[in-house]
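> Below are the sequence and a predicted model for it; my questions follow.
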Amino acid sequence: MSFEKVTLQITMAAPLAKAWAYWTQPEHIMQWNFADPSWHCPAATNDLRVGGSFNYRMAARDGSFAFDFEGIYDAVEPEALIAYHLADGRTVRITFDASMPSATGADEQVLVTQTFDAETENPIDMQRAGWQAIMDNYKRVVEENTGR
């Protein structure tokens with residue numbers, strides 16, 4: 001089956017090591033892995049290695065709905081690349097690039113690029129907005145915890 005690819009990016013003022021840690025460590029993932037404040041991520045597990053798996057529980061805060069977002073890692077290059085696949089065959093690729101010059105030259109900048117295969121049940125624009133909102137939460141949490 002062929003899926004349409006969607007690419008999203010964020011640039012944040014943070015050291016690469018912190019950006020990586022907040023993307024990969026369960027205690028941090030639970031702080032940002034939801035698209036809307038009415039949702040949360042009450043549990044996360046992550047075995048970050050090729051062949052390892054992750055499972056992030058995403059749930060409505062009112063208890064009305066929840067699901068597990070889970071996959072298996074295909075590639076892991078520390079502080080550079082994460083690639084994984086989902087049970088339905090869709091793939092996701094995330095890159096971390098710290099070579100971005102900052103506008104002021106004072107802060108470290110990290111460009112995070114995420115490309116995912118869109119599923120076929122919901123409109124692409126809705127999926128793009130949801131994944132972007134999660135990335136925006138991630139950026140906010142990292143920057144708040146970096147003192148920027």
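Nice, I can see it.
> Grab the longest helix from the protein for me.
helix 124-144 (DSSP state H).
> tell me the mean pLDDT for that helix?
Averaging pLDDT along helix 124-144 gives 96.
> which stretches of this structure aren't confidently modelled?
Where the chain drops to pLDDT under 70, the residues are 1, 100-107, 148.
> Let me see the ranges of the strands in it.
Listed in chain order, the strands of the chain (DSSP state E) span 5-13, 39-46, 53-60, 66-77, 81-85, 91-97, 109-117.
> Adding distance to Val141 and mean neighbour count as columns, could you present these in CSV?
Glycine gets a C-beta too; all of them are placed from N, C-alpha and C. CSV is the format used below for the strands of the chain (distance: least, C-beta to C-beta, whole Å; neighbours: other C-beta atoms under 10 Å):
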stretch, distance to Val141, mean neighbour count
strand 5-13, 10, 16
strand 39-46, 11, 17
strand 53-60, 14, 17
strand 66-77, 17, 14
strand 81-85, 18, 17
strand 91-97, 16, 17
strand 109-117, 13, 19
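> Can you tell me which helices and strands the longest helix of the chain packs against?
strand 5-13, helix 16-24, helix 26-32, strand 109-117 (3 or more C-beta pairs under 8 Å, 6 or more residues apart in numbering; DSSP states H and E).
> on that earlier part again, what's the closest of the strands of the chain to Ala19?
strand 109-117 (4.3 Å; C-beta to C-beta).
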